[in-house]
Structure formats: structure tokens, C-alpha cells
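S.K.: Next comes the sequence, and after it the predicted model I'd like to discuss.
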Amino acid sequence: MASDMDDTGMPAGDDAGLDDDWAAAMAEQAMAEATPAGKAQAASIFPKFDEAGGKGSLMNELDMILDIPVQIAVELGRTRMTIRNLLLLAHGSVVELDALAGEPLNVFVNGTLIAQGEVVVVNDKFGIRLTDIVTPSERARRLGH
């Protein structure tokens with residue numbers, strides 16, 4: 001029966017391959033620990049901008065974003081009223097707004113103020129001529145309020 005045991009006291013035979021696997025795992029760990037941390041390979045998940053082919057694929061991804069629809073709204077002014085006064089409105093009623101005549105109109109994209117402008121008429125249709133674009137830093141400042 002002693003011949004059926006290896007030097008560690010474990011049964012020899014099918015489990016002998018287990019020792020080889022353990023030795024291989026220990027060798028792999030030793031090699032990983034010996035590799036300096038600075039030589040670690042970065043995962044190539046994100047596109048590299050310095051590669052020539054990266055710009056083309058980046059433009060393809062940008063094209064997908066360019067096709068997303070957004071809602072643009074132009075605000076002439078605002079007011080607050082009670083439901084009673086709202087129900088009293090009829091054809092020809094005048095609603096007083098907080099904006100002054102000649103004051104720039106606000107332009108919103110998906111509810112975010114991005115510009116101001118003035119009303120123009122082109123081919124019997126209303127439009128807006130942008131007179132001031134809100135900078136990203138100004139938008140961030142307004143979000144803080």
C-alpha cells in the first residue's frame with residue numbers, strides 16, 4: 001500500500017496531475033510578481049486618438065450622435081396665473097408676459113438655455129436670428145443656482 005502513496009502522503013495516480021497544475025500556477029504567479037508594475041499592458045477598450053485609423057472610426061461614432069433628434073423651443077416670455085384666471089381665457093384674451101417688448105427671446109434645446117435671439121419673418125414664417133450664444137461655462141454657472 002505504501003507504493004500507492006507519493007512523498008507527501010497523498011495517493012498517487014489520477015491526482016498526480018494535480019501537483020503539476022499547482023506547480024504551473026505557482027510559476028505563473030511568480031512570473032507575474034517579477035514583472036515591474038510600469039510594464040503592465042493597458043486594456044485596449046477605448047479608441048486611440050493618435051492612430052490614423054482611430055479618427056475614421058471616431059467620425060463614424062460621431063455620425064451616430066449627429067442623427068439624434070433634439071427639441072428646440074423659443075420662449076417669448078412667462079407668467080403665472082391661477083387656474084380660475086386660466087379657465088376665464090377665451091378667444092381674443094390677452095395674457096401679459098414678464099418679457100418687455102424688444103427684449104431678446106430665449107432659445108432652449110431639450111429644456112436647456114443655449115442662446116438668445118430676435119424674431120424675424122422669412123417667407124411669411126417666423127424664425128429667430130441668434131444674437132447671443134450661451135457659453136458652456138455660463139450654462140454650468142446657471143445650473144448651480
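M.R.: Perfect, I can see it now.
S.K.: Mind listing residues that contact stretch 125-134?
M.R.: Here stretch 125-134 makes contact (Cβ atoms under 8 Å, 6 or more residues apart in numbering) with 74, 104-105, 107, 113-121, 142. Every residue, glycine included, has its C-beta placed from N, CA and C.
S.K.: mind listing which of those residues are in strands?
M.R.: Using DSSP state E, 74, 105, 107, 113, 114, 115, 116, 117, 118, 119, 120, 121 are the members of the contacts of stretch 125-134 that sit in strands.
S.K.: among those, which ones are buried?
M.R.: Burial by neighbour count, judged by 16 or more other Cβ atoms under 10 Å, picks out 105, 107, 114, 115, 116, 117 from the ones in strands among the contacts of stretch 125-134.
S.K.: what's near enough to touch the last one?
M.R.: If I follow you right, that is residue 117. Contacts of residue 117 (Cβ under 8 Å, 6+ apart): 74, 104, 105, 107, 128, 129, 130, 131, 132.
S.K.: to the chain's geometric centre, what's the distance from the longest helix along the chain?
M.R.: Longest helix of the chain, by residue count under DSSP state H: helix 16-34. Here the centre of helix 16-34 is set off from its chain's centre by 43 Å, with Cα atoms, centre = their mean, to the nearest Å.
S.K.: repeat for stretch 61-79
M.R.: Distance of stretch 61-79 from the chain centroid (Cα atoms, centre = their mean) equals 16 Å.
S.K.: Stretch 137-145 now?
M.R.: That offset, for stretch 137-145, works out to 18 Å (Cα atoms, centre = their mean).
S.K.: looking only at pLDDT, what's the mean for that stretch?
M.R.: Average pLDDT, stretch 137-145: 77.
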